[in-house]
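Novice: Sharing a model prediction with you, sequence too.
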Amino acid sequence: MIKSVLLLAVLHALPAVQAHQQKAAITRVVFNERTGTLEVMHRFYLHDAEHAIRQLMGSDADIIGDELTRARFAAYVQQMFLLKSPSGETLMLSPVGHEIEGNFFWVYQERALPANLTELQVMHLALREVWPEQINTVNFERGGSVTTLTFQGSDEQLTVRFD
């Protein structure tokens, strides 16, 4: 009987334990023809960001309670995400802001839409030095279609092509 109760308790706790560190992030890159901007929205699980920031910036870092820590994490994300033209020129992104929304930490960037863009070289290394198993997914939304890149394992730079 005791073994059954313990087994049930462990099985009940597993989803909660697994829910804490997802080690995955999603980024949307939207080609907004209406505004003439390339909009970038990075979404990290807040719990992942909380653990990572302490490893990256010290045990006193508090992403939930301290705006400076949030700003530092946003700056870190912006440094770890790069878009390059086919010629290798870095397409500079301007910071727009960051926020905590529910269980997520969001980082926003933008720039003017590049002209005649047929492909992009993409780097998304955020949190991958903290957790090698971190998976960063980037969805490019352009002209009603979505193209996805997934950074995992040893992926450092991937290329997305547009029709």
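Specialist: In hand now; what should we look at? Numbering: from 1, shown residues only.
Novice: After the helix or strand of the chain with the lowest mean pLDDT, which helix or strand is next? Please name it.
Specialist: One helix or strand of the chain scores below all others by mean pLDDT, DSSP states H and E: helix 2-20, with a mean of 46. Per DSSP states H and E, the first helix or strand lying C-terminal to helix 2-20 is strand 24-32.
Novice: Can you give me the separation between residue 69 and residue 124?
Specialist: 21 Å (Cβ to Cβ, to the nearest Å). Where you see a C-beta, it was placed from the backbone N, CA and C, and this is true even at glycine.
Novice: and these two? which has more neighbours close in?
Specialist: residue 124 (26 against 20; other Cβ atoms under 10 Å).
Novice: Please report how far the more buried one lies from residue 151.
Specialist: Taking Cβ to Cβ as the measure, residue 124 falls 5 Å from residue 151.
Novice: okay, and the common contacts of these two?
Specialist: Taking Cβ atoms under 8 Å, 6 or more residues apart in numbering as the criterion, residue 124 and residue 151 both touch 136, 138.
Novice: so where's this protein shaky on pLDDT?
Specialist: Residue ranges of the chain with pLDDT under 70: 1-20.
Novice: tell me the SS of residue 117?
Specialist: coil (DSSP: H, G, I helix; E, B strand; the rest coil).
Novice: Touching, it and residue 160? I think so.
Specialist: No. Counting by Cβ atoms under 8 Å, residue 117 stays clear of residue 160, with 9.9 Å between them.
Novice: Quick one: the strands in this structure, in order.
Specialist: 24-32, 37-45, 81-84, 94-101, 104-112, 119-124, 135-142, 145-151, 158-161 (DSSP state E).
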